[in-house]
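K.L.:
Attaching a predicted model along with its sequence, questions to come.
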Amino acid sequence: MLRVVLAEDSVLLRAGLVELLTRGGHEVIAAVGDAEALACAVDDDCPDLVVTDVRMPPDYDDQGLKAALDLRTRHPGLAVLVLSQYVATAYATQLLSGGTGTGGLGYLLKDRVGEVSQFLTDLRRIAAGETVVDPEVVRVLLARQTADHPLRRLTPREREVLALMAEGLNNQTIAHRLSVTEAAVVKHASNIFAKLDLDPTDGNRRVLAVLAHLRNDSTPY
Amino acid sequence: MEPRIAVWDAVKSRPLRFLISCWPWRCWAYLLSGTVLGALTLLVLYALIAFGVVLSVVGVGLLILAVAAVFGIPVAAMERRRLRLVEPTPVPDPHRTLPRTGPWYWLRSRLRERATWRELGYTAVFCLVFTATGIGFAALLAFSCLLLAAPVIVAAVAPDTVMLIPGEPVSGPVAALPAAAVGLLGLVVCAYAGGLLAGLQARTAWFLLAARDEDLSSRVMELTRSRARLADAFEAERRRIERDLHDGAQQQLVALTMTLGLAEMELQGSDSGAAELVRRARAEARQALGQLRDLVRGIHPQVLTDHGLAAAVEEIASRSPVPVTVDIDLPHRLPAPVETMAYFAVTEALTNAAKHGGATHIGIVGSLKDGRLTLLITDDGQGGADPTAGTGLQGLADRVAILKGRLVLSSPVGGPTQLRVEVPCSV
């Protein structure tokens, strides 16, 4: 059971998310409607996980996202899931590269809450310290191939593996999804790392390295 | 833009024909009416100034003097109409249209306009110089008429004697004929002199009463400002629609998919067909949500507001069916109208390249130099883009024009097509 603080300005959606989380067996200790209230609730109650919308009152820009980054810096172990209305790689980049927290991190499209069981699984993974990036965002990042991009050197199978890796899945899950052996996934992964000149460390760092590379961002974090 | 003086042209082109045309009559009507009106104007202006100066000690006089200062406006309006007697080209009104009404506002705005003071100057010239010359001219005209009519007058007053020249009585109508000849000559002189005078007055009127470039340029500025206001209002409306869709319909659809998801979870394991129906409903709701999201993005992308032009262009480039290379390097955020315009320039170019150009690669380069944003969008399609064919490029050109920028399209048949947008970014 996770102790969750929820920030969402739409009353309808907030109520729905509270119900979904409660039914999923979690405890919603605060459900708020703006970034300031979110910060207060987290400082007061020390939750396991924060779920927040990107866009928040009063200005309706990316204040939810900024608040999440602040909170991660202030509470290093805090896991954060950011829900977005858009497939915006700029938001994902901002989230994944900002803040100094060590807790789990998630960037998902709002549509994903409709796939309830998958959504609840993602929540647990984030709370456990993993990084979960929306498959749609990964797809957009992968689709951005220029002529001289090293992605071109990958085989279609390797790209599939890379996409799943960027979503934050571990080798075992990837093997399960693609119906291959885990050894095959490991082999694909090392090929990918070699072709993309990546440092094959495990877990979060692996996802972040992949994403950093997909963004054509040479500075590692 | 002073026109050629019509009456002088008439004299110059056909000097003899001029005499029997309607021109002398028109000139005379113009000059004589001017003399009468000029005298009346002088009277009113004199009264205004006299009362104003005398009463200025009690304050009311200052108001009267202010009225005297704008007195040129009605006089000028009358003169612009009266000038039509001899000048077919109408004189443009130099005053700008005022956005508000009210006597104080009107008085203040008009006193600030140079045209008002030029018109006052004209009024002074009109009631002093024009009236004086008008009286002299009227006298000459009247005397000529009198001489021309001498035989008739002599016949009419006979047997009394008439002395055209003091001390020398005219014996009869026939003896008055030389005088009539002098009168006729006088009328001819009057015709040409009238043409000259009327032309001079028309020239003066054009010089002092017509709108000048400075008046016109302020009017053009006003026009540009109102266009910019219109564009801003349009942009605000787009954002409002975007926000309404985002905060209303989109959130409700998300809530709907979520409820359906929960229902699906509840139904898991039951073997009724309901689970399948709910699954289908959820898929449909998700599809609707996707469509709505695309629509909202087309109206105004949130990422443009939050992250600026480069990020927003990256986003649309990543969704383009044609591979796009983006190289936008800006030192800072640009003014919002420029960002929005540039964003729509890119969307328009990408749509065109994919839809009509048959391009296989598109390059977008953006930079800021000397306070000007330069955006260069090149595709390797078949070219031959016609800016007049669709509304897209026209609309884009309008947007660029509002921001005082320029849009250059080069699209030879066979390609490549290059769209270049330059906009000043001074805030």
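P.N.:
Nice, I can see it. The shown structure was predicted, so the numbers you read here are calculated from the model rather than taken from an experiment.
K.L.:
doesn't B:Leu334 fall inside a helix?
P.N.:
No: read with DSSP: H, G, I helix; E, B strand; the rest coil, B:Leu334 is coil and lies in no helix.
K.L.:
what's the neighbour count on it?
P.N.:
B:Leu334 has 20 neighbouring residues, counting by other C-beta atoms under 10 Å in any protein chain shown. Placement of C-beta: from N, CA and C, glycine included.
K.L.:
Not counting its neighbours along the chain, what's nearest it?
P.N.:
In space, and not counting its chain neighbours, B:Leu334 is closest to B:Cys425: 5.2 Å by C-beta to C-beta, 6 or more residues apart in numbering or on different chains.
K.L.:
Surely that neighbour and B:Thr374 touch.
P.N.:
No: using C-beta atoms under 8 Å, B:Cys425 is not in contact with B:Thr374; the gap is 10.4 Å.
K.L.:
Looking at those two, which one has more neighbours?
P.N.:
Taking neighbours as other C-beta under 10 Å, B:Cys425 and B:Thr374 compare with B:Cys425 leading, 20 against 15.
K.L.:
what's near enough to touch the more buried one?
P.N.:
B:Cys425 makes contact with B:334-335, B:338, B:368, B:371-373 under the criterion C-beta atoms under 8 Å, 6 or more residues apart in numbering or on different chains.
K.L.:
and if you look at A:Gln172?
P.N.:
A:Gln172 sits in contact with A:Glu182, where contact means C-beta under 8 Å, 6+ apart.
K.L.:
Direction included, what does the helix or strand B:Leu164 falls within pair up with?
P.N.:
Using DSSP states H and E, B:Leu164 sits in strand B:162-165. Strand pairing for strand B:162-165, determined by DSSP bridges: strand B:168-170 (antiparallel).
K.L.:
which residues touch the strand it pairs with?
P.N.:
Residues from elsewhere that reach strand B:168-170 (C-beta under 8 Å, 6+ apart): B:150, B:154, B:161-164, B:176, B:179.
K.L.:
what does stretch B:76-87 give?
P.N.:
B:3, B:5-7, B:26-27, B:29-30, B:33-34, B:37, B:90-91, B:93, B:119, B:122-123, B:126, B:198-199, B:202, B:205-206, B:209.
K.L.:
Now the buried members of these.
P.N.:
B:5-7, B:26-27, B:29-30, B:34, B:37, B:91, B:119, B:122-123, B:126, B:198-199, B:202, B:205-206, B:209 (16 or more other C-beta atoms under 10 Å in any protein chain shown).
K.L.:
Can you read off the pLDDT for the closest residue to A:Leu38 other than its chain neighbours?
P.N.:
Once flanking residues are discounted, A:Leu38 sits nearest to A:Ala7: 3.9 Å by C-beta to C-beta, 6+ apart. If you check A:Ala7, the pLDDT there is 93.
K.L.:
again, but for the one 5 residues further on
P.N.:
In the prediction, the pLDDT value recorded for A:Leu12 is 87.
K.L.:
Kindly report the same for the one 5 residues further on.
P.N.:
Predicted confidence (pLDDT) for A:Leu17: 92.
K.L.:
For it, give me its contacts.
P.N.:
A:Leu17 touches A:6, A:8, A:31, A:51, A:113, B:258, counting by C-beta under 8 Å, 6+ apart.
K.L.:
Distance check, it against B:Pro92.
P.N.:
The gap separating A:Leu17 from B:Pro92 is 66 Å, by C-beta to C-beta, to the nearest Å.
K.L.:
and residue 82, how many residues sit next to it?
P.N.:
I'll assume chain A. 25.
K.L.:
My question was about chain B, not that one.
P.N.:
With other C-beta under 10 Å as criterion, B:Arg82 counts 17.
K.L.:
So what's the predicted local confidence for it?
P.N.:
B:Arg82 is given a pLDDT of 92.
K.L.:
ok, and for stretch B:163-176, which residues are buried?
P.N.:
By 16+ other C-beta under 10 Å, the buried positions in stretch B:163-176 come out as B:164, B:170, B:173, B:175-176.
K.L.:
Cheers, nothing more for now.
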